[in-house]
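>>> Generate a structure from the sequence data that follows.
(one chain, ligands or ions: 1)
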Amino acid sequence: MSREEFQALLDYSVEEARTVLLQGKVADYIPELKKAPAEQLGIVLTDLEGHIYASGDTDRPFTIQSIVKVFALLYALEHFGPDLVFEKVGMEPSGASFMEMTTLSDFSNKPSNPLINAGAIVVASMISQEIEFDHFLEYISGLCASNGLKVNEAVFLSELDHSERNHALAWELKRLRLLTNNLDESLWFYTRGCAVEMTARELSRFAVILANGGYDPLTGEQKVDAEVVRITLTLLFTCGLYNGTGEFAVRIGLPAKSGVGGGILAAAHQRFGIGAYGPSLDIYGNSIGAIKVLSELSEKLDWHTFAWNE
Ligand code: GLN
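Numbering: from 1, shown residues only. From the prediction side, this is the model:
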């Protein structure tokens, strides 16, 4: 397929997917997120040679929300090592909503995985004890090849003001002695991370590093340890879209992570880093339009991890 044909397929898939946007709903449990434009949808693909294919609404920044859990997990795995991290959080899919209380402790008395809120608060607690938030923000910016990502202060304050559920989770984590830092600082750090803003282009730039074993094909640097990327992608495949993960794995077959701001990051192994944005969400809190585009592209381009190519 030529690059022009590829771009045409992308444009067609985005336009087709717009038809499902009305079936979804913008997140409203954080008041500031209600302002997001439900009609927007866009996707950016970065390939290993640095070609960028973009279609739809791709330049509007959005808050990454749960996608911050990926950056936090990478940071924690690199700096504390898998043994310490998995002492405090599990590796099992929860099969439940991102903020579900019952997934807090499995039989081993720890959050099922680092990609649900309870697990991410534990990871944020570990990181916040070691570094300032701004240093973590620089780490995220570096992985997105951005020269300075920012926090959306309005979204941050709005979420902090409506974080009763995350407080409840954090108190239970404290009871289980899983918080390394104090409760307020752990929650502050986690919530501020959720409010980091970026565009689909920046998200896709990060995703291409994941798709390429941690090696940035554009700068020629090993940005993340390959073993850490392997662990992270496996968890994204099994836990990245909450209780929508199984269906996404069957239909689309890529490791991915969603956020209630409407972002989805996905990695087509050794092919593309993908960043998508569409704030209209399905019942699980995943971008309904982005999933539709990804499903169309995965089918047409044989992206599924277990696709059989004769
Ligand atoms: N900031 C959100 C929360 O903690 C993130 C949830 C999400 O994106 N699924 O509730």
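>>> and whichever strand or helix holds residue 72, is it in reach of the ligand?
Using DSSP states H and E, residue 72 sits in helix 68-80. No. If you take CB under 6 Å from any ligand atom as the test, helix 68-80 misses the ligand, and the best it gets is 8.0 Å. Glycine gets a C-beta too; all of them are placed from N, C-alpha and C.
>>> Stretch 13-33 now?
No. For stretch 13-33, no contact with the ligand is found by CB under 6 Å from any ligand atom; the gap never falls below 6.7 Å.
>>> For that stretch, buried residues please.
Within stretch 13-33, the residues that count as buried by 16 or more other CB atoms under 10 Å are 13-14, 17-18, 20-21, 24-27, 30, 32-33.
>>> residues from this structure in reach of the ligand?
So far as CB under 6 Å from any ligand atom goes, the chain lies against the ligand at 65, 66, 98, 99, 117, 159, 166, 194, 259, 260, 285.
>>> ok, now with 5 Å
Contact residues (CB under 5 Å from any ligand atom) of the chain with the ligand: 65, 66, 98, 117, 194, 259, 260, 285.
>>> Past the helix or strand bottoming out on mean pLDDT in the chain, which element shows up next along the chain?
Every helix and strand in the chain was compared by mean pLDDT, DSSP states H and E; the lowest is helix 164-175, with a mean of 93. Next along the chain after helix 164-175, taking DSSP H and E as the criterion, comes helix 183-194.
>>> Report the residue spans of this structure with pLDDT below the cut-off.
Filtered on pLDDT under 70, the chain yields the residue ranges 102-107, 310.
>>> Please enumerate the helices of the stretch 201-310 of the chain.
226-239, 245-251, 288-301 (DSSP state H, counting those that start in this stretch).
>>> Show me what the last one is packed against.
Using 3 or more CB pairs under 8 Å, 6 or more residues apart in numbering; DSSP states H and E as the contact criterion, the secondary-structure elements in contact with helix 288-301 are helix 3-17, strand 42-47, helix 245-251, strand 263-268, strand 272-277.
>>> change it to 10 Å
helix 3-17, strand 42-47, strand 52-56, helix 245-251, strand 256-258, strand 263-268, strand 272-277 (3 or more CB pairs under 10 Å, 6 or more residues apart in numbering; DSSP states H and E).
>>> want to throw the ones you listed into TSV with distance to residue 153?
Output for these, formatted as TSV (distance: least, CB to CB, whole Å):
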stretch	distance to residue 153
helix 3-17	31
strand 42-47	24
strand 52-56	27
helix 245-251	31
strand 256-258	23
strand 263-268	18
strand 272-277	20
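>>> returning to what we had before: out of the buried residues of stretch 13-33, which one sits closest to the ligand?
Lowest distance from the ligand to the buried residues of stretch 13-33 (CB to the nearest ligand atom) belongs to residue 30, with 6.7 Å.
>>> returning to what we had before: and among the helices of the stretch 201-310 of the chain, the most buried is which?
Mean neighbour count (mean count of other CB atoms under 10 Å) peaks for helix 288-301 among the helices of the stretch 201-310 of the chain, with a mean of 23.
>>> tilt between it and strand 52-56?
Counting by axes from the mean of the first three to the mean of the last three CA atoms, to 10 degrees, helix 288-301 lies at 130 degrees to strand 52-56.
>>> so how far is the helix holding residue 72 off the chain centroid?
The chain centre lies 12 Å from the centre of helix 68-80; the measure is CA atoms, centre = their mean, to the nearest Å.
>>> rewinding a little: and the residues of the chain next to the ligand, which are buried?
65, 66, 98, 117, 194, 259, 260, 285.
>>> Among those residues, which pair sits farthest apart?
The two members of those with the most space between them (CB to CB) are 194 and 285, at 12.6 Å.
>>> Quickly list what's touching both of those two.
65, 66, 259, 260 (CB atoms under 10 Å, 6 or more residues apart in numbering).
>>> count of residues packed around residue 138?
By the criterion of other CB atoms under 10 Å, residue 138 has 15 neighbours.
>>> give me the element it is part of.
Assigned by DSSP H and E, residue 138 falls in helix 133-143.
>>> so which residue of the stretch 101-250 of the chain comes closest to the ligand?
For the stretch 101-250 of the chain, CB to the nearest ligand atom, closest residue to the ligand: residue 194, 3.5 Å.
>>> Would you agree that residue is in contact with residue 65?
Yes. With contacts counted by CB atoms under 10 Å, residue 194 reaches residue 65, the gap being 4.8 Å.
>>> list the residues that contact both of these two?
With CB under 10 Å, 6+ apart, residue 194 and residue 65 have common neighbours 30, 155, 159, 259, 260, 261.
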